[in-house]
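Engineer: need the 3D shape of this:
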Amino acid sequence: MPKKSKPNNVENFADLIVQHATDSMVFTDTDGLVLWANKPFTEMSGYALSEMIGHKPGSILQGPNTDPNTVADIRAAIAAKRTIRTELLNYTKDGHPYWIDVTIIPVFDENSQLTHFMSIERDITQSKDLIKKTEMALSEERERRRERRLLSQVSEWLFAAQTLEELQAVVTRSMKILFPDTNGELFIYSNSRDVLDRVSDWGEVSGEPHLHADQCWALRRGRAYCYGISEIDFACSHVESEDHPYFCLPIIAHGDTIGLMHISFPDLKADRGETEELAAILSPAFEMAQICAEQISLAAANVRLQSELQDKSVKDALTGLWNRRWFLDMANREIRRAEGAKAPLSMVMIDVDFFKKFNDAHGHDAGDVVLKVLSSHLSDIDTNGVFPCRIGGEEFAIICSNMNAKEAESVVKRLQSRLAESPVIFSGRTLPGVTISAGVAQFASGDDLQVLMRLADAALYEAKDAGRDCIILAHREEQPEPLVLAGE
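Structural biologist: A predicted model of the protein is given here:
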């Protein structure tokens, strides 16, 4: 007869599951004290069963970074005698953190009385690390996208700037956003090229507003410099503290160094023993700072080119004064302003006395020197509504806003005095003194530019007829005929 199989023993199966389960299992009494734990638990935690029996698991396994809110949720579930599943950070016997997916189940007898708690735990440290790395990668990618978007916006604004002042404003605002928690400065070479002047800054800046090129390693070496990430490096002498890392980035336009951008990190420590860690932090910022410096350099070159083109279109090439084209536009604007505001306005026409004879006697190069000297004195009074222009040849004009004829006459008298006190030197010899004749006309309501220039021009010819080296104020006994200007 066939052999009968033994009936299934449920209790034996339960014992086998508890003994051979790959998940950690812990049994506690109603007070939460450990009664028994399986082998996977002791392997995962590093604690022997004898070290756990009679203790609450949390008192041994939980550490400084264990979430107190999660612990509170577990305690509340145990007090309410209900099942809870959550994730918890525990610590092994040797202090290493590990994450578990834990389910705590209350166990009742046939009378519905609580007898034990059973905890089933699974190590999810690798999964948590993978999730953390993925989140960090996503966060870094989001930050990279944000940086690219900001750089694109900054680049657009930089190349829209038409003046150095606009460029400085864009740099100040954008660097605050691109490099938060930093202190920064933008220096531009002065016209004399002997010093760099601070033209914009952000953060907390307290250093000197000027620096010399030999004070900066980046300017001396001709390339961007990151201080604080190498075992051998030297702080620039224009930097107040050597304790914090910083960047120095030259600003170059058309191959010419025109300035320097300095960015410091007051919240970081320039520690020679932690250069690799600091380099990992600063390297992305240094790369972005170099991109910004390149963009600023290109924008500065663009501004300089626009300025040069603008100067060529409105400035006289020989003297650097405003040219005839600018004069016509400016004079018309000032006449409209004076008419609307009921404000005074005067026009001065100037001519160098005996200039043709001077050129014949001393040569055209000497004549050019005379025009430059006169223009230099005219440029000195190019303030407070006084606008000198070269009309052509040896003829000059001055727009005197908010001045009557007498006030404009005093401007010309000061110019005559300066010419008399300043000898003209050419090829190592002093040339004969230079004098000028001038006619002054005051604007009256209803005048246009043609009328005003005709009045001033008539007064100028009257000054020449009077013996030159004098000033004549225009009179209005007869209305002058319109003067037709080339280019109008």
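Engineer: list the buried residues in the longest strand along the chain.
Structural biologist: Longest strand of the chain, by residue count under DSSP state E: strand 97-108. Residues of strand 97-108 classed as buried by neighbour count (16 or more other C-beta atoms under 10 Å): Tyr98, Trp99, Ile100, Asp101, Val102, Ile104, Pro106. For glycine as for every other residue, the C-beta is placed from the backbone atoms N, C-alpha and C.
Engineer: which pair of those residues spans the longest distance?
Structural biologist: Tyr98 and Pro106 (25.1 Å; C-beta to C-beta).
Engineer: mind listing the strands for the stretch 1-150 of the chain?
Structural biologist: Secondary structure of the stretch 1-150 of the chain (DSSP state E, counting those that start in this stretch): strands located at 24-28, 34-37, 84-91, 97-108, 114-123.
Engineer: turn these into CSV, including distance to Leu318.
Structural biologist: Converted to CSV, these look like this (distance: least, C-beta to C-beta, whole Å):
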stretch, distance to Leu318
strand 24-28, 93
strand 34-37, 98
strand 84-91, 80
strand 97-108, 79
strand 114-123, 85
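Engineer: Gly363: which of those is closest?
Structural biologist: strand 97-108 (90.6 Å).
Engineer: between the closest one and strand 24-28, how many degrees?
Structural biologist: With axes from the mean of the first three to the mean of the last three C-alpha atoms, to 10 degrees applied, the angle from strand 97-108 to strand 24-28 works out at 50 degrees.
Engineer: any idea how far strand 97-108 is from the middle of the chain?
Structural biologist: 53 Å (C-alpha atoms, centre = their mean, to the nearest Å).
Engineer: could you do stretch 358-376 as well?
Structural biologist: 47 Å.
Engineer: now stretch 345-355
Structural biologist: Worked out by C-alpha atoms, centre = their mean, stretch 345-355 lies 47 Å from the chain centre.
Engineer: which residues of the stretch 51-200 of the chain fall in helices?
Structural biologist: For the stretch 51-200 of the chain, the helices defined by DSSP state H, counting those that start in this stretch cover 57-61, 68-79, 125-160, 164-178.
Engineer: what's the angle from the longest strand of the chain to helix 68-79?
Structural biologist: 20 degrees.
Engineer: pull the residues that contact strand 97-108.
Structural biologist: Applying C-beta atoms under 8 Å, 6 or more residues apart in numbering, the contact partners of strand 97-108 are 24, 44, 63, 65, 74, 77-78, 81-92, 114-125, 127-128.
Engineer: in ChimeraX, select just the buried ones from those.
Structural biologist: Here is the ChimeraX command that selects only those of those that count as buried (16+ other C-beta under 10 Å):
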select :24,44,74,77,78,84,88,89,90,91,117,118,119,120,121,122,123,124,128
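Engineer: hmm, back to that, what's the average pLDDT for the longest strand of the chain?
Structural biologist: Average pLDDT, strand 97-108: 95.
Engineer: likewise for stretch 460-468?
Structural biologist: 91.
Engineer: in that stretch, which residues are buried?
Structural biologist: Buried-residue list, stretch 460-468, by 16+ other C-beta under 10 Å: Leu460, Glu462, Ala463, Lys464.
Engineer: now that stretch, how far from the chain's geometric center?
Structural biologist: 57 Å.
Engineer: now the closest residue to Ser206 other than its chain neighbours, what's its secondary structure?
Structural biologist: Of all residues not flanking Ser206 in the chain, Glu240 sits nearest, at 7.2 Å (C-beta to C-beta, 6 or more residues apart in numbering). Secondary structure, DSSP: H, G, I helix; E, B strand; the rest coil: Glu240 is coil.
Engineer: what's around Glu240, how many residues?
Structural biologist: Residues lying near Glu240 (other C-beta atoms under 10 Å) number 12.
Engineer: and the one 10 residues further on, by the same measure?
Structural biologist: Counted with other C-beta under 10 Å, the burial measure for Pro250 works out to 20 neighbours.
Engineer: which one of the buried residues of strand 97-108 sits closest to Asn404?
Structural biologist: Nearest to Asn404 among the buried residues of strand 97-108 is Trp99, at 87.6 Å by C-beta to C-beta.
Engineer: now the closest one: how far from Ala77?
Structural biologist: Per C-beta to C-beta, to the nearest Å, Trp99 is found 19 Å from Ala77.
Engineer: likewise Ile252?
Structural biologist: Ile252 is 66 Å from Ala77, where distance means C-beta to C-beta.
Engineer: and for Leu452?
Structural biologist: Counting by C-beta to C-beta, the gap from Leu452 to Ala77 is 95 Å.
Engineer: same check on Leu431?
Structural biologist: 104 Å.
Engineer: same check, this time on Leu374
Structural biologist: Shown here: Leu374 relative to Ala77, a distance of 96 Å by C-beta to C-beta.
Engineer: quick revisit: closest one of the buried residues of stretch 460-468 to Pro40?
Structural biologist: Leu460 (108.5 Å).
Engineer: show the contacting residues for Cys216.
Structural biologist: Contacts of Cys216 by C-beta under 8 Å, 6+ apart are Tyr225, Cys236, Ser237, His238, Cys248, Leu260.
Engineer: contact partners for Leu89?
Structural biologist: So Leu89 contacts Gln62, Gly63, Asn65, Thr66, Asp67, Pro97, Tyr98, Trp99 (C-beta under 8 Å, 6+ apart).
Engineer: was I right about the fifth one contacting Thr86?
Structural biologist: No - with contact defined as C-beta atoms under 8 Å, Asp67 does not reach Thr86; the gap is 9.3 Å.
Engineer: in the stretch 301-450 of the chain, which spans are strands?
Structural biologist: Under DSSP E, counting those that start in this stretch, the stretch 301-450 of the chain gives strands at 345-352, 386-392, 395-401, 425-426, 429-430, 436-442.
Engineer: save those as a markdown table, and put in mean neighbour count too.
Structural biologist: Listed next are these as a markdown table, based on neighbours: other C-beta atoms under 10 Å:
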| stretch | mean neighbour count |
| --- | --- |
| strand 345-352 | 26 |
| strand 386-392 | 22 |
| strand 395-401 | 23 |
| strand 425-426 | 14 |
| strand 429-430 | 9 |
| strand 436-442 | 26 |
